[in-house]
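> model the structure of this input:
(chains A and B)
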Amino acid sequence: MRRRRVKSFALTAFLAIVAIVVLIPFFWMITTSFMKTGESFAYPPVFWPKRFTLEQYAILFKRLHFLRDFLNSFAVASLMTICSLFINSLAGFAFAKYSFKGRKFIFTSFLATMVIPAQVGMLPVFLILRQMGMLNTYWGLILPGAVSAFSIFFFRQYMSTIPTDLIDSARMDGCSDFRIYWQIMLPLAKPALVTLGIFTFLGTWNDFMWPLIVLNRDTMYTLPVALANLMGEHAPDTELMMAGSVVTILPIMVLFLALQKSYMSGLIAGSLKE
Amino acid sequence: MSPWTSVPYVFIAPSLVLLTIFFVIPVVTAFLMSFTDFDIYSLANLSFARFVGMRNYTNLFSDPLFWKAMFNTFYFLVVGAPLTIFVALIAAVLLNSKLVRFKSVLRVGYFAPVVATLVAVSVVWKYIYDPHFGLLNYALGFIGISPHDWLSNPFWAMPAIILFAVWKNFGYTMMIFLAGLQTIPEALYEAAEIDGAGPLQRFWKITVPMLAPTTLFVTVVTLIGYLQLFAEPYIMTGGGPVDSTLSIVLLMYQQGFRYWQMGYAASIAFVLAAVIFIFTMIEMKIQGETKAA
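Numbers count the residues shown, from 1 in each chain, chains lettered A, B, ... in the order given. Coordinates of the predicted model:
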């Protein structure tokens, strides 16, 4: 019994040390962001500011328009999440609860698109958006990525488990198909909505390559693009760059911590469905 | 059976339309584009693009930069993917032990890099790799390793990016392995223990084979993800020094969106697609064989 406790302590301690090592970059990023310019140019490296200052954040928000970039990121990720959930759940509902001609073929075609990476079509999508005048717009970022075969699949699986009797009796009461979707299916599919909602929000917030291509006007930049650009101009300002990284990472971390359970269950469900 | 109705078609219409405009048509167009000399002049007027047959592909295959990018990408893949999966497996097995306390806290800690914005953590790690003030050189100093300029050294730049990628991604794979471990019946381990099998033997004889389907899944996901290496070199090295971290997708981006050689870039995109297609086929074949066995 004693030996077991020693072993338990040793193993937990070991894993805790590894976790600390894994998290050091975040810790260093946060403390450095509160230092005054130039303070981190020191050997040995400093892990704690002499005096906490918001100097870097002031530069970011007052001079470098990070509030605007933050709002762009937030708007794009929110709109993308809403559009994507709506479009994909609607399709998932159709595949789960209707039998229609071509259902199997269309569904398989959707799934087949997952094999080809988005980068393959990127050049023509850029040209199409340019033709439509959607470069440098939120819609240019949202529409090309709103449909997700994975989400449709996920919604279909989830909605298949909702009893069809509910739909039938609602239809007897004269409920329209869209109302059945909106008032019965969506509320019952809430766990799936939450899970896919976080996935989509996180994925859009963190996305880099697509915004980099679609946005070339700095008023439209999302945080990752703004940060990458800042790196070009302010690379020597370590403290400023760390503050920029904190602003980019913090919101998404808070969201993840708040909704971790749904996120993790979705992650695992996704892997088991394969 | 309900009578014919247009309702389901209306419900799938939005996704079908968007997918057609922003995926099907672009992929087909990209394929056609890869046989043209589409460049910055064609950007001004589409009719300037001319059909050039296989020229982009022949140029590509005789371009040393393309082979360099292929080599770098596969270097990243062949070293990075097994390393990520190995670290994830060890972390999952240890974390799964009944002896470990504070499991959920540890799990979140290991998972944090997965959620963090790739661009932002790439920025942070660029400073960690700093030759003078970086944390890595400082830490290595304790075990007597002399400082290096990791990202400016053509030999070390790719290993540095690989180390970063392992840190960033192992948490995801670990979670999948943890889920896989739950499906292994406890009785197997108990029986093995009674038969006198040690922990290592139990790991190799039970855990590893029982996790084979999970391992196949994470291998394919990791390989396909790592093939698309882009933001890490874009932020940390710009593809350098001397092209030692130039990846396929970075090359495609530079050719397509910086030099506007879009026909040429499209041929790179299709080489990438072909490689991913081959990986997927191999996965399906292995999966089919294990199911048949």
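> where does pLDDT dip in the stretch 101-250 of chain B?
By pLDDT under 70, the stretch 101-250 of chain B has no low-scoring segment.
> ranges for the helices of it?
Per DSSP state H, counting those that start in this stretch, the stretch 101-250 of chain B carries helices over the ranges B:103-115, B:118-128, B:135-142, B:157-182, B:186-194, B:199-202, B:208-210, B:212-227, B:231-236, B:248-253.
> where does the longest one sit relative to the chain's centre, distance-wise?
In terms of Cα atoms, centre = their mean, to the nearest Å, the centre of helix B:157-182 is found 10 Å from the chain centre.
> can you check stretch B:77-94 too?
Its chain's average C-alpha position is 13 Å from that of stretch B:77-94, according to Cα atoms, centre = their mean.
> can you pull the buried residues of it?
B:77, B:79-81, B:83-85, B:87-89, B:91-94 (16 or more other Cβ atoms under 10 Å in any protein chain shown). Glycine gets a C-beta too; all of them are placed from N, C-alpha and C.
> among those, which one lies nearest to chain A?
Chain A lies nearest to B:L94 out of these, by Cβ to the nearest Cβ, at 6.1 Å.
> what helix or strand is that closest one located in?
In this structure, B:L94 sits in helix B:64-96 according to DSSP states H and E.
> what parts of the stretch 151-274 of chain A come near chain B?
Within the stretch 151-274 of chain A, the positions adjacent to chain B are A:152, A:177, A:181, A:202, A:205-206, A:208-209, A:213, A:223-224, A:227-228, A:231, A:238, A:241-242, A:244-245, A:248-249, A:252-253, A:256-257, A:260, A:264, A:267-268, A:271-272, A:274 by Cβ under 8 Å from any Cβ of the partner chain.
> before we move on, the earlier item: and the buried residues of stretch B:77-94 near chain A, which?
Answer for these near chain A (Cβ under 8 Å from any Cβ): B:A91, B:L94.
> turn the helices of the stretch 101-250 of chain B into CSV, including mean neighbour count and distance to chain A.
What follows is those, written out as CSV (neighbours: other Cβ atoms under 10 Å in any protein chain shown; distance: least, Cβ to the nearest Cβ, whole Å):
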stretch, mean neighbour count, distance to chain A
helix B:103-115, 19, 4
helix B:118-128, 25, 4
helix B:135-142, 16, 5
helix B:157-182, 22, 4
helix B:186-194, 12, 14
helix B:199-202, 12, 11
helix B:208-210, 13, 15
helix B:212-227, 19, 5
helix B:231-236, 23, 5
helix B:248-253, 24, 6
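> which one of those helices lies closest to A:K101?
helix B:212-227 (33.3 Å; Cβ to Cβ).
> which strands and helices sit next to that closest one?
When contacts are defined as 3 or more Cβ pairs under 8 Å, 6 or more residues apart in numbering or on different chains; DSSP states H and E, helix B:212-227 sits against helix A:260-272, helix B:64-96, helix B:157-182, helix B:262-292.
> now distance to A:I24 too, for those, in CSV please.
Putting the helices and strands packed on helix B:212-227 into CSV (distance: least, Cβ to Cβ, whole Å) gives the following:
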stretch, distance to A:I24
helix A:260-272, 21
helix B:64-96, 16
helix B:157-182, 10
helix B:262-292, 34
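> among these, which comes closest to B:M210?
helix B:157-182 (7.9 Å).
> just the buried ones out of the residues of the stretch 151-274 of chain A next to chain B, please.
By 16+ other Cβ under 10 Å, those give A:152, A:177, A:181, A:202, A:205-206, A:208-209, A:213, A:223-224, A:227-228, A:231, A:238, A:241-242, A:244-245, A:248-249, A:252, A:256, A:260, A:264, A:267-268, A:271 as buried.
> could you list the low-pLDDT ranges of chain A?
In chain A, residues with pLDDT under 70: A:1, A:272-274.
> closest point of it to chain B, which residue?
For chain A, Cβ to the nearest Cβ, closest residue to chain B: A:G121, 3.2 Å.
> excluding chain neighbours, what is closest to that residue?
B:P26 (3.2 Å; Cβ to Cβ, 6 or more residues apart in numbering or on different chains).
> may I see the buried residues of the strand or helix carrying that neighbour?
Per DSSP H and E: B:P26 is located in helix B:25-33. Using 16+ other Cβ under 10 Å as the test for burial, helix B:25-33 gives B:P26, B:V27, B:T29, B:A30, B:F31, B:M33.
> tilt between that helix and helix B:262-292?
120 degrees (axes from the mean of the first three to the mean of the last three Cα atoms, to 10 degrees).
> re earlier: residue contacts, the residue nearest to A:G121?
A:V120, A:G121, A:M122, A:L123, A:P124, A:V125, A:I128 (Cβ atoms under 8 Å, 6 or more residues apart in numbering or on different chains).
> what's the distance between the first one and B:I248?
When you say that, I think you mean A:V120. For A:V120, the distance to B:I248 (Cβ to Cβ, to the nearest Å) stands at 12 Å.
> next, show the common contact partners of these two.
Common neighbours of A:V120 and B:I248, using Cβ under 8 Å, 6+ apart, are B:L272.
> what segments of the stretch 151-274 of chain A are helices?
Remark: helices assigned in the stretch 151-274 of chain A by DSSP H, counting those that start in this stretch are A:164-172, A:177-179, A:186-188, A:190-206, A:209-214, A:223-234, A:238-258, A:260-272.
> take those and write them to CSV, including distance to A:A94.
CSV is the format used below for the helices of the stretch 151-274 of chain A (distance: least, Cβ to Cβ, whole Å):
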stretch, distance to A:A94
helix A:164-172, 12
helix A:177-179, 9
helix A:186-188, 14
helix A:190-206, 15
helix A:209-214, 27
helix A:223-234, 34
helix A:238-258, 30
helix A:260-272, 21
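> so which of the ones you listed gets nearest B:N72?
helix A:209-214 (17.5 Å).
> may I have that closest one as CSV, with CA atoms only?
Extracted C-alpha coordinates of helix A:209-214, given in CSV (Å, rounded to 0.1, in the frame of the first residue of the first chain):
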residue,chain,number,x,y,z
MET,A,209,-3.4,30.9,-44.7
TRP,A,210,-6.8,31.7,-46.1
PRO,A,211,-7.1,35.2,-44.4
LEU,A,212,-3.5,35.9,-45.5
ILE,A,213,-4.6,35.4,-49.1
VAL,A,214,-8.0,37.0,-49.1
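> that one - contacts with which helices or strands?
Applying 3+ Cβ pairs under 8 Å, 6+ apart, we find helix A:209-214 packed against helix A:122-131, helix A:138-146, helix A:223-234, helix B:248-253.
> go again with 10 Å.
helix A:66-97, helix A:122-131, helix A:138-146, helix A:223-234, helix B:118-128, helix B:231-236, helix B:248-253 (3 or more Cβ pairs under 10 Å, 6 or more residues apart in numbering or on different chains; DSSP states H and E).
> mind putting these into a markdown table with distance to B:T183?
Shown next, in a markdown table, are the helices and strands packed on helix A:209-214 (distance: least, Cβ to Cβ, whole Å):
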| stretch | distance to B:T183 |
| --- | --- |
| helix A:66-97 | 26 |
| helix A:122-131 | 38 |
| helix A:138-146 | 33 |
| helix A:223-234 | 37 |
| helix B:118-128 | 31 |
| helix B:231-236 | 33 |
| helix B:248-253 | 35 |
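> for residue 81, what are its contacts?
Here I'm looking at chain A. A:142, A:146, A:193, A:196-205 (Cβ atoms under 10 Å, 6 or more residues apart in numbering or on different chains).
> let's do chain B instead
B:A81 neighbours (Cβ under 10 Å, 6+ apart): B:162, B:165-166, B:169, B:173, B:218-227.
> circling back to that earlier point, which of the contacts of B:P26 count as buried?
A:V120, A:G121, A:M122, A:L123, A:P124, A:V125, A:I128.
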